[in-house]
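>>> Quick one, what's the 3D model for this:
(one chain, ligands or ions: 1)
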Amino acid sequence: MIDSMKLSQLISADDIQTKVCALGEDIGKKFDGKELLVVGILKGSFMFYSDLIRAIDMDIYCDFMGASSYAGMKSSGECQLTLDCRTPLKGKHVLLVEDIVDTGLTMNFLKHHVRQRGPASLSTASLLLKPEALKEECDVDFVGFEIANDFVVGYGLDYQGYYRNLPYIAQVQNMN
Ligand code: 5GP
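Sure thing, here's the model as predicted:
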């Protein structure tokens, strides 16, 4: 059990839901009439992903990939694929869904991996983006919120496996 962290709410559950609905509408408009494969990046995006796909009013196909680059509260600088998507990507319109883009390494790693499989198009969505933390250029097509370079938890994002179930995004204030 983790008991030494102080959390302060950064983005409320209501604000998240409003933003997710708006993103879902934008995505629906962009891919209107096309077949879209929406790939959630596990584990952190699972909550955003499940709300987002319900806000996209069109037929979509769902699959998942897993990636890991974080150790505790810092990026290790190395990204690993922990789960590969089983759906053939060739000729598909693919939307990658991340929880947060921090250094940009994970998103770029996954974009490279997907591009090698010849999708018809590749787009990206992330609930959160930390512009000040980017270590390489990383274009994200659909961004929920830009936040400061602080460690956050909740709404799918964890610290050592905890806090994913918070319905809001919280900033970590203190560590003993
Ligand atoms: P990047 O490769 O862009 O540095 O990091 C992407 C991954 O690192 C995210 O998918 C997420 O798992 C993790 N990450 C980055 N920043 C945070 C953060 O503030 N809080 C949490 N819980 N995870 C983060």
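>>> immediately after the strand ranked longest in the chain, which helix or strand?
Longest strand of the chain, by residue count under DSSP state E: strand 60-71. The helix or strand immediately downstream of strand 60-71 is strand 74-83, counting by DSSP states H and E.
>>> Now do whichever helix or strand comes after that next one against strand 60-71, angle only.
Using DSSP H and E, the helix or strand that follows strand 74-83 in sequence is strand 93-101. Angle, strand 93-101 to strand 60-71, by axes from the mean of the first three to the mean of the last three Cα atoms, to 10 degrees: 30 degrees.
>>> Each with direction, which strands does strand 93-101 pair with?
According to DSSP bridges, strand 93-101 forms sheet pairs with strand 36-42 (parallel), strand 121-129 (parallel).
>>> So for Gln17, which of these sits nearest?
Among the strands paired with strand 93-101, the nearest to Gln17 by Cβ to Cβ is strand 121-129 (11.5 Å). In short, each C-beta sits where N, CA and C put it, glycine included.
>>> Send over the closest one as PDB, restricted to the C-alpha atoms.
Extracted as PDB, the C-alpha positions of strand 121-129 are listed here (Å, rounded to 0.1, in the frame of the first residue of the first chain):
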ATOM      1  CA  SER A 121      -2.800   6.400 -42.500                       C
ATOM      2  CA  LEU A 122      -1.500   6.800 -39.000                       C
ATOM      3  CA  SER A 123      -3.000   9.300 -36.500                       C
ATOM      4  CA  THR A 124      -2.400   9.800 -32.800                       C
ATOM      5  CA  ALA A 125      -4.300  10.900 -29.800                       C
ATOM      6  CA  SER A 126      -3.100  11.500 -26.300                       C
ATOM      7  CA  LEU A 127      -5.100  12.700 -23.300                       C
ATOM      8  CA  LEU A 128      -2.200  14.600 -21.900                       C
ATOM      9  CA  LEU A 129       0.900  16.200 -23.400                       C
END
